[in-house]
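Undergrad: Whatever this is, show me its structure:
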Amino acid sequence: MSGNIAILGAGAFGTALAVALSANGPVTLWGRRIGWSGENPALPGVALPDAVTVTETLPAADMMLLAVPAQALSGFLAAHAAQLDGRALVSCAKGIDLASGQSPARMIASGCPGATVAVLTGPSFAADIARGLPTALTLACADAAAGHRLQHALSTAVLRLYRTTDVTGAELGGALKNVIAIAAGVAIGAGLGDSARAAIISRGFAEMTRFAVHRGAEAETLTGLSGLGDLVLTATSEGSRNFRYGLALGRGKGFDPAITVEGAATARAVAAIATAESVEMPISALIAGLAEGHIDVKQAMRLLLARPLKEE
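TA: Got it, this is the predicted structure:
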């Protein structure tokens with residue numbers, strides 16, 4: 001698979017990927033309104049290498065990584081699908097579209113039926129990737145041969161990709177871990193302690209697996225980087241926006257609305273799907289209620305602790 005790589009979305013994660021992948025050759029970084037040059041304010045102290053070209057004109061490349069937030073992807077595809085179709089499109093979004101209930105890969109495949117669709121996900125912070133710290137991610141592609149080519153094209157000496165054909169499992173692991181990370185943040189913010197957080201992480205992982213398998217994923221996928229690995233990172237570090245959002249909820253404080261919190265919208269989407277399809281998702285339902293303002297933290301914890309005692 002030859003040709004330049006384009007990153008569509010010049011936020012912190014898209015910029016970090018551009019910096020990392022420029023180690024392999026030229027990269028084009030696209031954004032709608034880029035009001036900076038040389039250094040992205042979202043990644044202070046990280047200078048763009050000469051191999052990265054920044055543009056506001058949608059580029060053409062064989063490989064295009066869509067680093068667009070999940071809730072903005074539908075609009076992005078409506079505007080640009082014709083220019084993207086027929087290429088290798090790698091989704092970097094972690095979430096479920098609130099309006100349609102679809103995953104990013106399904107939305108891309110629907111909008112660009114001639115494209116090869118893949119997913120890049122796993123435990124990673126933009127700052128770590130941009131600074132060249134060792135990071136391992138999952139590259140999911142239903143086409144095994146295409147996945148193999150993408151794996152080699154998008155790996156570097158310190159950015160290691162492990163491939164799978166289970167796109168559903170990889171995507172849902174990345175989406176659902178944000179919901180559980182919010183719940184873990186709520187527990188810490190409300191002063192419930194690390195033991196409560198550990199319980200939420202373990203029961204949350206069971207919830208993630210149950211939902212993913214119900215939707216056609218392989219349970220083993222959730223035990224890997226895109227599921228358990230990402231959950232451990234985001235539920236235990238204040239580097240996670242979702243965890244920080246949960247902390248704010250738990251402390252009864254506001255949260256900057258300009259910061260993207262994918263887990264809040266994903267919780268609402270998952271709760272609606274779970275209700276419609278009779279899947280037990282108690283933590284997701286509570287986070288959806290908190291995000292929508294239907295319940296407060298005390299009510300959420302009371303509901304969670306009142307659940308029936310049963311076998312694990």
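Undergrad: average pLDDT across the longest helix anywhere in the chain?
TA: Criterion DSSP state H: the longest helix present in the chain is helix 167-189. Averaging pLDDT along helix 167-189 gives 97.
Undergrad: Please write out the alpha-carbon positions of that helix in PDB.
TA: Taking C-alpha atoms only, helix 167-189 is exported to PDB below (Å, rounded to 0.1, in the frame of the first residue of the first chain):
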ATOM      1  CA  VAL A 167     -14.000  -4.700  13.900                       C
ATOM      2  CA  THR A 168     -17.100  -4.800  16.000                       C
ATOM      3  CA  GLY A 169     -15.200  -5.900  19.100                       C
ATOM      4  CA  ALA A 170     -12.400  -3.400  18.700                       C
ATOM      5  CA  GLU A 171     -14.800  -0.500  18.100                       C
ATOM      6  CA  LEU A 172     -17.100  -1.400  21.000                       C
ATOM      7  CA  GLY A 173     -14.200  -1.900  23.400                       C
ATOM      8  CA  GLY A 174     -12.900   1.600  22.600                       C
ATOM      9  CA  ALA A 175     -16.400   3.200  22.800                       C
ATOM     10  CA  LEU A 176     -17.600   1.500  26.000                       C
ATOM     11  CA  LYS A 177     -14.500   1.900  28.000                       C
ATOM     12  CA  ASN A 178     -15.200   5.700  28.000                       C
ATOM     13  CA  VAL A 179     -18.500   5.100  29.700                       C
ATOM     14  CA  ILE A 180     -16.900   3.000  32.400                       C
ATOM     15  CA  ALA A 181     -14.100   5.600  32.800                       C
ATOM     16  CA  ILE A 182     -16.700   8.200  33.600                       C
ATOM     17  CA  ALA A 183     -18.200   5.900  36.200                       C
ATOM     18  CA  ALA A 184     -14.700   5.300  37.700                       C
ATOM     19  CA  GLY A 185     -14.200   9.100  37.800                       C
ATOM     20  CA  VAL A 186     -17.500   9.600  39.500                       C
ATOM     21  CA  ALA A 187     -16.600   7.100  42.200                       C
ATOM     22  CA  ILE A 188     -13.300   8.900  43.000                       C
ATOM     23  CA  GLY A 189     -14.800  12.300  42.700                       C
END
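Undergrad: What residues sit buried inside it?
TA: Residues of helix 167-189 classed as buried: 167-189 (neighbour count, 16 or more other C-beta atoms under 10 Å). In this view, the C-beta of every residue, glycine as well, is placed from N, C-alpha and C.
Undergrad: Could you report the separation of the nearest residue to Thr209 once chain neighbours are set aside from Met208?
TA: Among residues not flanking Thr209 along the chain, Leu222 sits closest, at 4.6 Å (C-beta to C-beta, 6 or more residues apart in numbering). Applying C-beta to C-beta, to the nearest Å, one obtains 6 Å for the distance of Leu222 from Met208.
Undergrad: Identify the contacts common to the two.
TA: Both Leu222 and Met208 are in contact with 172-173, where contact means C-beta atoms under 8 Å, 6 or more residues apart in numbering.
Undergrad: who's in contact with stretch 181-195?
TA: Contacts of stretch 181-195 (C-beta under 8 Å, 6+ apart): 196-197, 200-201, 204, 231, 234-236, 240, 242-251, 261, 263-264, 267, 283, 286-287, 290-291, 297, 300-301.
Undergrad: for the stretch 1-150 of the chain, what spans make up the strands?
TA: Using DSSP state E, counting those that start in this stretch, the strands assigned to the stretch 1-150 of the chain run over residues 5-8, 27-30, 52-55, 63-66, 88-91, 116-121, 135-141.
Undergrad: Which among those strands is found nearest to Val19?
TA: strand 52-55 (6.7 Å; C-beta to C-beta).
Undergrad: Mind giving me the packing neighbours of that closest one?
TA: With contacts taken as 3 or more C-beta pairs under 8 Å, 6 or more residues apart in numbering; DSSP states H and E, strand 52-55 sits against strand 27-30.
Undergrad: so for the strand it packs on, what's the average pLDDT?
TA: Within the predicted structure, the mean pLDDT of strand 27-30 is 96.
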